[in-house]
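J.: got a predicted model here, sequence first, then my questions.
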Amino acid sequence: MSAEAFTLVVIAAALHASWNLLSKYAAAPAGHFVFAYRLLSTLFYAPWVIYVLVADGMQWSLAAILFIALSSLLHLGYCLCLQWGYHAADLSVVYPVGRGTGPLLSSLAAFVLLGEEPSAHGVAGILCIVGGILLIASGGDLRRFATPRAWAGVRWGLLIGLFIAAYTVADAYSVKTLHVVPVILDWLSAFGNALLMAPHAWIRRHTLMRDMRGKWRYAVAVGVLSPLAYILVLYAYQLGGKVSLIAPLREMSLMLATVAGFFLLKEKISFARLAGCAIIVAGVILLSV
């Protein structure tokens, strides 16, 4: 992986952890919050999209249009499940399981579907990251999964991971093979999300305004940070980064979000979770070699 691609993914990881933390802080109804920040992101990033279309243009094809539509549906499912999961369980369970399942499945799909060849240190890095995630999620005590709240977090995390793997592979194919411009792909995905949710939002507009009272500042922040985090990753793909390496490398955000969950959200801290963070760092180092 080139130094440029590695740097983009590291910055994206920090942004990703930040917007996930803000989503947890918002504690707003999932549908209303997702609609708000996806709509705002289309407004914020429209000038960039217009500039790219005017200055550079883009080659359109039926395959590109279909994959853009698929991306929109997959990201909508991910965003909604993420918010519902945060309502159902702790950030430090939902986020690790989702972010651990996602890169593992993404890497396997990249080997099978995209023809990427695994390297010894790459596989070791992936296994370290997944192992660290599981250690964080369990807290070193598998008995904690006997509680209904913990199992709820695991279930939501697994579902989120499936969406992550699906959109990761689909979007990587879009930018690497179909040559879709990253910012245009993300913008059209967000626009599609807002469009699909608009009728429900309009019907329940009074409830939306009530539920979003005091939450708009979070929606604005997430509307800026969430697209930027993912656009940087898409550009890393275009620079030649492999999905099987970039997908797990993004999970540096897991360590940041987990530490933030400990200190800012006052979630339970333990030696096992800190060890899990250290193992993830080791995995990131292996992936960067």
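T.: Now that the structure is in, tell me what you want to look at.

J.: going forward, measure contacts and count neighbours with C-alpha atoms only.
T.: Noted.

J.: low pLDDT regions in the stretch 101-250 of the chain?
T.: 137-151 (pLDDT under 70).

J.: can we see that at 90?
T.: 101-161, 164-165, 168, 193, 196-197, 200-201, 204-205, 207-215, 238-250 (pLDDT under 90).

J.: what about the helices in it?
T.: Ranges of helices in the stretch 101-250 of the chain, per DSSP state H, counting those that start in this stretch, are 120-138, 148-176, 182-203, 205-211, 216-238, 243-249.

J.: the second one packs against which elements?
T.: Contacts defined by 3 or more C-alpha pairs under 8 Å, 6 or more residues apart in numbering; DSSP states H and E place helix 148-176 against helix 62-88, helix 91-113, helix 216-238, helix 243-249.

J.: kindly reformat those as CSV containing distance to I285 and mean neighbour count.
T.: Below are the helices and strands packed on helix 148-176 laid out as CSV (distance: least, C-alpha to C-alpha, whole Å; neighbours: other C-alpha atoms under 10 Å):
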stretch, distance to I285, mean neighbour count
helix 62-88, 28, 19
helix 91-113, 16, 24
helix 216-238, 17, 22
helix 243-249, 9, 26
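
J.: residue contacts, the residue nearest to G132 when sequence neighbours are not counted?
T.: Excluding the flanking residues, the one nearest G132 by C-alpha to C-alpha, 6 or more residues apart in numbering is G276, at 4.0 Å. By C-alpha atoms under 8 Å, 6 or more residues apart in numbering, G276 lies in contact with 131-136.

J.: which one of those has the most neighbours?
T.: Sorting the contacts of G276 by how many neighbours each has (other C-alpha atoms under 10 Å) puts I133 first, at 31 neighbours.

J.: and that one, how far is that from G214?
T.: According to C-alpha to C-alpha, to the nearest Å, I133 stands 33 Å off from G214.

J.: returning to what we had before: so which of the helices of the stretch 101-250 of the chain comes closest to Y25?
T.: helix 216-238 (8.0 Å; C-alpha to C-alpha).

J.: quick one: contacts of the closest one?
T.: Against helix 216-238 from outside (C-alpha under 8 Å, 6+ apart): 4-6, 8-9, 11-13, 15-16, 18-19, 22-23, 26, 33, 36-41, 44, 171-172, 175-176, 182-183, 186-187, 243, 246.

J.: right, so of the helices and strands packed on helix 148-176, which gets closest to G283?
T.: With C-alpha to C-alpha as the criterion, G283 lies closest to helix 243-249 of those, at 8.1 Å.

J.: check which helices and strands the closest one sits against.
T.: So helix 243-249, by 3+ C-alpha pairs under 8 Å, 6+ apart, packs with helix 3-26, helix 91-113, helix 120-138, helix 148-176, helix 216-238, helix 271-288.

J.: reformat those helices as CSV; add distance to P199.
T.: Converted to CSV, the helices and strands packed on helix 243-249 look like this (distance: least, C-alpha to C-alpha, whole Å):
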stretch, distance to P199
helix 3-26, 23
helix 91-113, 29
helix 120-138, 37
helix 148-176, 24
helix 216-238, 19
helix 271-288, 42
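
J.: among the ones you listed, which is nearest R205?
T.: Using C-alpha to C-alpha, the nearest of these to R205 is helix 216-238, at 14.4 Å.

J.: so the closest one versus helix 3-26, what angle?
T.: Helix 216-238 runs at 160 degrees relative to helix 3-26, counting by axes from the mean of the first three to the mean of the last three C-alpha atoms, to 10 degrees.

J.: and the angle for helix 216-238 with helix 182-203?
T.: 150 degrees.

J.: so how far is helix 216-238 from its chain's centroid?
T.: 9 Å (C-alpha atoms, centre = their mean, to the nearest Å).

J.: kindly export it (C-alpha atoms) in PDB.
T.: Only the C-alpha atoms of helix 216-238 are listed here, as PDB (Å, rounded to 0.1, in the frame of the first residue of the first chain):
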ATOM      1  CA  TRP A 216     -29.200  19.500  14.800                       C
ATOM      2  CA  ARG A 217     -25.700  20.400  15.700                       C
ATOM      3  CA  TYR A 218     -24.900  16.700  15.800                       C
ATOM      4  CA  ALA A 219     -26.600  16.100  12.500                       C
ATOM      5  CA  VAL A 220     -24.500  19.000  11.000                       C
ATOM      6  CA  ALA A 221     -21.300  17.500  12.300                       C
ATOM      7  CA  VAL A 222     -22.000  14.000  11.200                       C
ATOM      8  CA  GLY A 223     -23.200  15.300   7.800                       C
ATOM      9  CA  VAL A 224     -19.700  16.800   7.300                       C
ATOM     10  CA  LEU A 225     -17.500  14.100   8.900                       C
ATOM     11  CA  SER A 226     -19.300  10.900   7.700                       C
ATOM     12  CA  PRO A 227     -19.000  11.600   3.900                       C
ATOM     13  CA  LEU A 228     -15.500  12.900   4.200                       C
ATOM     14  CA  ALA A 229     -14.300   9.800   6.100                       C
ATOM     15  CA  TYR A 230     -15.600   7.500   3.400                       C
ATOM     16  CA  ILE A 231     -14.600   9.700   0.400                       C
ATOM     17  CA  LEU A 232     -11.000   9.500   1.600                       C
ATOM     18  CA  VAL A 233     -11.200   5.700   1.800                       C
ATOM     19  CA  LEU A 234     -12.600   5.600  -1.800                       C
ATOM     20  CA  TYR A 235      -9.700   7.700  -3.000                       C
ATOM     21  CA  ALA A 236      -7.300   5.300  -1.300                       C
ATOM     22  CA  TYR A 237      -8.900   2.500  -3.400                       C
ATOM     23  CA  GLN A 238      -8.400   4.600  -6.500                       C
END
